[in-house]
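1. What follows is a predicted structure for the sequence shown.
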Amino acid sequence: MALVISRRTSDTKFHDRVSELSGQEFMKCFQCGTCSGSCPMGDHIDTFPRKIMALLQLGRMEELSELNTPWVCASCHTCMVRCPRGIDITKVMEALRLTRLRQNVNYVEPSNMQPEEIIDLPQIALVSGFRKMTS
């Protein structure tokens, strides 16, 4: 299945913001797919990192904001270690999360969690998750 995206609807401000936050030159990505083949979270994400990079290169904020991949990223750096261009994709994923959180939109709403869920979860996991997924 080919990825067909129009440049007319790109958001260059978004593109620049993610570039600044991540410190990465994601335009160097040539879509080899090494990151996607290396991702240990592949069974749990909406789309692979390769497509995230393509959408990002085109500034497709709307489509990126609907995906769970930046939120599920384990930040294990496997993609960065194997990337032939040396792009730290985990930093890009973090920048994508930050752009969303800076709009004061939580990915996980703590007030919607049931007390039974909170009791069963380790405190360190709750704190870590809230730091990553709440504004």
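-> That came through, no problem. Residues are numbered from 1 along each chain as shown.

2. contacts, neighbours, all on C-alpha from now
-> Fine.

3. How about the contacts made by M27?
-> Residues in contact with M27 (Cα atoms under 8 Å, 6 or more residues apart in numbering) are Q57.

4. hey, which helix is longest across the chain?
-> For the chain, the longest helix by residue count, based on DSSP state H, is helix 89-101.

5. counting contacts, what elements does it pack onto?
-> In terms of contacts (3 or more Cα pairs under 8 Å, 6 or more residues apart in numbering; DSSP states H and E), helix 89-101 is packed against helix 12-22, helix 69-72, helix 78-82, helix 123-133.

6. at 7 Å instead, please
-> On a contact count with 3 or more Cα pairs under 7 Å, 6 or more residues apart in numbering; DSSP states H and E, helix 89-101 meets helix 12-22, helix 69-72.

7. Considering these, which stretch scores lowest in mean pLDDT?
-> Lowest mean pLDDT of those: helix 12-22, a mean of 88.

8. any chance of the helices and strands packed on helix 89-101 in CSV, plus mean neighbour count and distance to F30?
-> Listed next are the helices and strands packed on helix 89-101 as CSV, based on neighbours: other Cα atoms under 10 Å; distance: least, Cα to Cα, whole Å:
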stretch, mean neighbour count, distance to F30
helix 12-22, 17, 16
helix 69-72, 20, 19
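
9. what would those helices look like in TSV with distance to K91?
-> Shown next, in TSV, are these (distance: least, Cα to Cα, whole Å):
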stretch	distance to K91
helix 12-22	5
helix 69-72	10
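
10. For A95, find the nearest of the ones you listed.
-> With Cα to Cα as the criterion, A95 lies closest to helix 12-22 of these, at 5.3 Å.

11. Keeping just the C-alphas, turn that closest one into PDB.
-> C-alpha atoms of helix 12-22 as PDB (Å, rounded to 0.1, in the frame of the first residue of the first chain):
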ATOM      1  CA  THR A  12       5.300  24.100   8.300                       C
ATOM      2  CA  LYS A  13       5.000  25.600  11.700                       C
ATOM      3  CA  PHE A  14       4.400  22.200  13.200                       C
ATOM      4  CA  HIS A  15       7.400  20.800  11.200                       C
ATOM      5  CA  ASP A  16       9.700  23.600  12.500                       C
ATOM      6  CA  ARG A  17       8.400  23.100  16.100                       C
ATOM      7  CA  VAL A  18       9.100  19.400  16.100                       C
ATOM      8  CA  SER A  19      12.500  20.000  14.600                       C
ATOM      9  CA  GLU A  20      13.400  22.500  17.300                       C
ATOM     10  CA  LEU A  21      12.100  20.400  20.200                       C
ATOM     11  CA  SER A  22      13.800  17.200  19.000                       C
END
